[in-house]
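1. Structural data only, the sequence is not supplied:
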């Protein structure tokens, strides 16, 4: 397999896209073709990006760079700064349009102007003549964008060693915003509970253990049980608890707390329980609900309802 490489270039346009899968083919200013899965609408024409992936040669389309991660670079030229401002500042109602932006670029230079807006809103207000609150709003917009870009880079690093799909970065940012890294590090299983694509027990558990979490924690025991039922269901709704306890012991070791695991699962909406004589049976909440709905429907049909 070809060695992973980086490609830095100015994004120019989307040539082809499949919205349902987020797959797209794009072009960079210097002519390179990029291919990958990402929300291409977050890539702004005229701005520089760093793509990580591999060069491949397509039988029909020739040489192209297949990326699996990307992040935006800080705009450096007049054109790049204007493209950035056109996307984020001009439509925001903060009193900064093309003319004022060009004046600020001339005053500070393209490499420093965005940081100036982020760090010195009072000076910006005086220089441009806009109200202080509008300058503060522009400052907050750019700070939030910087925070999200930093989050993207941190998420790429966090997901990189466990085989998570690259599209998960956008999913995490969409649902958790700039706090995504902290939330996931505190509890990697939140990705499994939220049913994010590619976030099964084994991947989340590998991250959980790498982060040094306790292997006997109740949340991990619950996720192990939940995973077992999802992967071994084969049409069954209910599982005898001793079978689940055996799997818990295999995965989590000692210090099993079945009562607390079940209570947490019921409270969190993952588990349901049923008594069959003296046997405690456990199922996923969804399967149990589906079974009840089907049974109820059949009973109504039988009774002529």
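-> Noted; the coordinates are in hand. It should be emphasised that the depicted structure is a prediction, and the values quoted were computed from it without experimental measurement. Numbers count the residues shown, from 1 in each chain.

2. Mind giving me the packing neighbours of the helix or strand containing residue 81?
-> Assigned by DSSP states H and E, residue 81 belongs to helix 78-88. For helix 78-88, the packing partners by 3 or more CB pairs under 8 Å, 6 or more residues apart in numbering; DSSP states H and E come out as helix 98-108, helix 113-119, helix 132-159. Glycine gets a C-beta too; all of them are placed from N, C-alpha and C.

3. The stretch 151-300 of the chain: strands as residue ranges?
-> Taking DSSP state E, counting those that start in this stretch as the test, the strands found in the stretch 151-300 of the chain are 239-240, 271-276, 279-284.

4. quick one: which of the ones you listed is nearest residue 8?
-> Proximity to residue 8 (CB to CB) singles out strand 279-284 among those, at 46.2 Å.

5. and the closest one, which residues are buried?
-> Buried residues in strand 279-284, counted by 16 or more other CB atoms under 10 Å: 280, 281, 282, 283, 284.

6. what's around the residue nearest to residue 201 when sequence neighbours are not counted, how many residues?
-> Distances taken as CB to CB, 6 or more residues apart in numbering place residue 227 nearest to residue 201, at 3.4 Å, with adjacent residues excluded. Around residue 227 there are 19 other residues, counting by other CB atoms under 10 Å.

7. Sheet partners, orientation included, of the longest strand seen in the chain?
-> Scanning the chain for the strand with the most residues, using DSSP state E, yields strand 5-18. Partners of strand 5-18 in the sheet, by DSSP bridges, are strand 23-28 (antiparallel), strand 48-58 (antiparallel).

8. what does it contact?
-> The contact list for strand 5-18, computed with CB atoms under 8 Å, 6 or more residues apart in numbering, reads 23-30, 32-34, 40, 43-55, 65, 67, 73, 80.

9. repeat for stretch 225-232
-> Stretch 225-232 is contacted from outside by 192, 200-202, 239, 244, 247-248, 261, 265, 270-271, 282-284, 287, using CB under 8 Å, 6+ apart.

10. Could you do stretch 114-127 as well?
-> Contacts of stretch 114-127 (CB under 8 Å, 6+ apart): 74-75, 81, 84, 103-104, 107-108, 130-132, 134-136, 138-139, 142-143, 146.

11. any idea of the mean pLDDT in that stretch?
-> The pLDDT scores in stretch 114-127 average 96.

12. Next, the distance between the ends of that stretch.
-> Stretch 114-127 has an end-to-end distance of 14 Å (CA to CA, to the nearest Å).

13. what residues go with each domain of the protein?
-> By the assignment in automatic domain parsing, the chain contains the domains 5-72, 78-148, 160-210, 229-296.

14. So which of the ones you listed is nearest residue 216?
-> That would be domain 229-296 among the domains of the chain, by CB to CB, at 4.3 Å.

15. For that closest one, what does the pLDDT average out to?
-> Per-residue pLDDT over domain 229-296 has a mean of 79.

16. same check, this time on stretch 22-33
-> In this model, stretch 22-33 has a mean pLDDT of 90.

17. what does that stretch rub up against?
-> 7, 9-18, 34-40, 43, 61-65, 167, 170.

18. Give the buried residues for that stretch.
-> Residues of stretch 22-33 classed as buried: 22, 24, 25, 26, 27, 28, 32, 33 (neighbour count, 16+ other CB under 10 Å).

19. Can you tell me the closest non-neighbouring residue to the second one?
-> What it means is residue 24. Sequence neighbours aside, residue 17 is the residue nearest to residue 24 in space, at 3.8 Å (criterion: CB to CB, 6+ apart).

20. Check what pLDDT that neighbour gets.
-> So, for residue 17, pLDDT stands at 85.

21. And for it, the neighbour number?
-> Residue 17 has 14 neighbouring residues, counting by other CB under 10 Å.

22. Same question for residue 96.
-> Residues near residue 96, counting by other CB under 10 Å: 23.

23. same deal with the one 3 residues further on?
-> As a burial measure, residue 99 scores 9 neighbours (other CB under 10 Å).

24. Check residue 155 too.
-> Going by other CB under 10 Å, the residues that sit close to residue 155 add up to 24.
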